[in-house]
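Enquirer: Mind looking at a prediction? Sequence and model below.
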Amino acid sequence: MTVLADEERSVVAAVPKGLYVDGAWREGGGGTLSVEDPATAAPLCDVADATTEDALAALDAADRAFAAWRATAPRERADALRHAYELTMARADELALVMTLEMGKPLPESRSEVVYAANFLRWYSEEAVRVDGRFAVNENGRGRVLTLQQPVGPCVFVTPWNFPLAMGARKLAPALAAGCTCVVKPARQTPLSMLALTEILEQAGVPAGVVNVVTTSRSGPVTQALLSDARARKLSFTGSTEVGKLLIAQAAQQVLRVSMELGGNAPLLVFEDADLDLAVDGAVLAKTRNGGEACTSANRMYVHERVADAFAARLAERLAAMRVGRGTEPGVEVGPLIDAAQRDKVAELVADARDRGARIVTGGAALDGAGWFYAPTVLADVPGEARVLHEEIFGPVAPIVTFADDDEAIAGANDTEYGLVAYVFTQDVNRAFDAIERLDVGMVGFNQGMVSNAGAPFGGVKQSGYGREGGPEGMQEYLETKYVAMNLGGEAVRP
């Protein structure tokens, strides 16, 4: 086992380790699975390992609880979410430490994620009482049109390891506000954050069966069993495009409502008139947040040829100065990658770019010692055929490509199957909005390196998925519209 400090041992021990089904913690039929510390590659603890039978029992609980939860007064649902927000904020330090231990990100970033997650609980506590419809005069003047918005039904949530608390809250909060119940399957690498949030929801008064959580090493069979059951009515998935396509196909068999937040290949555009200090600040944030293990991470940096050398030098200086280490250590800015396979993939992409002629300005190597660390890296003169420009990196590597004019920059940015987010740095508002309108993405950061916001619609286009999470739009993902044709004139309705 990892040699943990007393506080670390205490917070890990405090997190429930079982499956949460119908308001009770229980063992998994598959035994247990190990949770590892990516900074040391050593086990932290064991949690319950669910079978398909466990997952279907969780769906059965969600189905039984649905009728009562949808009928619960919106204010009661709102109050439960608000209470969960308050409990989450009160436990921010311990939640952040748990997250850092299982995922690796530095403690300051984990604390920020706790606040981000809590904001979804607060935002949707306020939206729960604002579900409405419309009442209108029929165009023939004799009848009325009535629409109602009603909860979709039991939902299946599959959450990722890179933001283990926020992605759970981003799905749960609007679903609960709308009156839906759910089964959550967190990533096997980082189940503790979701289990801790589940305990908070229980303490906040969310009734038994409304939220059910199954941790498992059998992700494929468990998820397929849930999606194949007619009681499930909605799937929300955050993860890779490859897995997303498989889940879309499975969900189609039951014609489920689907939300997909998939991979990204985000371009960051620095035009010749950009405030270079602002652009470098934005690039550092967009590249190194979460160690680059984010679908919103700046994957390709297109920089105008007149400022490319200065930008590369400043970015390399900033990244080279960042302290890499275990996320619990003071001053650490970049933690480990999630596992050996991810570190090997990052190393492979950098080697391919180097072999094709890219220049390593800083970094470019895995770091020695235990854990899965990779040095923050800047690559210049990256050729168009390099894999690093076409595959999601998920690591602290910044490839720089130069461009001569705006059209070339936009064409390069759009030359990808993905379309999640782009970043634009320029002081010319006309140029900015020309780029914003022409970029094939669902989100744009204009002179800033982060777009995440609980009150805004998060999502992409093309193979980055569809549907939105956050803001009023996120609530609509969990509501069906029912239309009522009303005859108020007393006469028979005829075609």
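Expert: That came through, no problem. Note that the structure is predicted; figures quoted are calculated from it, not measured.
Enquirer: Can you show me the strands along the stretch 301-450 of the chain?
Expert: 359-362, 377-380, 397-403, 421-425, 443-446 (DSSP state E, counting those that start in this stretch).
Enquirer: Can I get these in a markdown table including mean neighbour count?
Expert: Placement of C-beta: from N, CA and C, glycine included. Compiled in a markdown table, the strands of the stretch 301-450 of the chain are given as follows (neighbours: other C-beta atoms under 10 Å):
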| stretch | mean neighbour count |
| --- | --- |
| strand 359-362 | 18 |
| strand 377-380 | 26 |
| strand 397-403 | 25 |
| strand 421-425 | 29 |
| strand 443-446 | 20 |
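Enquirer: of all those strands, which lies closest to Arg233?
Expert: Between Arg233 and the strands of the stretch 301-450 of the chain, the shortest gap by C-beta to C-beta is with strand 443-446, which sits at 27.3 Å.
Enquirer: returning to what we had before: list just the one of the strands of the stretch 301-450 of the chain that sits closest to Gln189.
Expert: Taking C-beta to C-beta as the criterion, Gln189 comes closest to strand 397-403 out of these, the separation being 20.8 Å.
Enquirer: helices or strands next to the closest one in the packing?
Expert: Based on contacts counted as 3 or more C-beta pairs under 8 Å, 6 or more residues apart in numbering; DSSP states H and E, the elements that strand 397-403 packs against are strand 298-304, helix 308-320, helix 340-355, strand 377-380, helix 406-414.
Enquirer: Now do the first one: everything it contacts.
Expert: The one in question is strand 298-304. For strand 298-304, the surrounding residues in contact (C-beta atoms under 8 Å, 6 or more residues apart in numbering) are 264-272, 274, 283, 286-287, 311-312, 315, 389, 392-393, 398-404, 409, 412-413, 423, 449.
Enquirer: Parallel or antiparallel, list what pairs with the helix or strand harbouring Leu235.
Expert: Leu235 belongs to strand 234-238 when elements are defined using DSSP states H and E. If you go by DSSP bridges, strand 234-238 pairs up with strand 155-158 (parallel), strand 257-261 (parallel).
Enquirer: ok, and which of the ones you listed has the densest surroundings?
Expert: For these, ranked by mean neighbour count under the definition mean count of other C-beta atoms under 10 Å, the leader is strand 155-158 at a mean of 27.
Enquirer: contacting residues around Met260?
Expert: 237, 244, 247-248, 465-467.
Enquirer: of these, closest to Arg77?
Expert: Closest to Arg77 out of the contacts of Met260 is Gly467 (21.6 Å), distances taken as C-beta to C-beta.
Enquirer: any chance of the helices and strands packed on strand 397-403 in CSV, plus mean pLDDT?
Expert: Conversion of the helices and strands packed on strand 397-403 to CSV gives the following (pLDDT from 0 to 100):
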stretch, mean pLDDT
strand 298-304, 98
helix 308-320, 98
helix 340-355, 98
strand 377-380, 98
helix 406-414, 98
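Enquirer: can you put those in TSV and add distance to Gln253?
Expert: Output for those, formatted as TSV (distance: least, C-beta to C-beta, whole Å):
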stretch	distance to Gln253
strand 298-304	33
helix 308-320	46
helix 340-355	30
strand 377-380	43
helix 406-414	33
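Enquirer: Which of the ones you listed sits closest to Pro154?
Expert: Closest approach to Pro154 among the helices and strands packed on strand 397-403 (C-beta to C-beta): helix 340-355, 32.7 Å.
Enquirer: and of the contacts of Met260, the nearest to Ala294?
Expert: The nearest member of the contacts of Met260 to Ala294, counting by C-beta to C-beta, is Gly465 at 14.7 Å.
Enquirer: on that earlier part again, selection in ChimeraX covering whichever of the contacts of strand 298-304 are buried, please.
Expert: Entered in ChimeraX, the line below selects the buried ones among the contacts of strand 298-304, by 16 or more other C-beta atoms under 10 Å:
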select :264,265,266,267,268,269,270,271,272,274,283,286,287,311,312,315,389,392,393,398,399,400,401,402,403,409,412,413,423,449
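Enquirer: Can you give the domain ranges for the protein?
Expert: According to the domain assignment given by automatic domain parsing, the chain is divided into the following structural domains: 6-263+459-481, 266-417+421-446.
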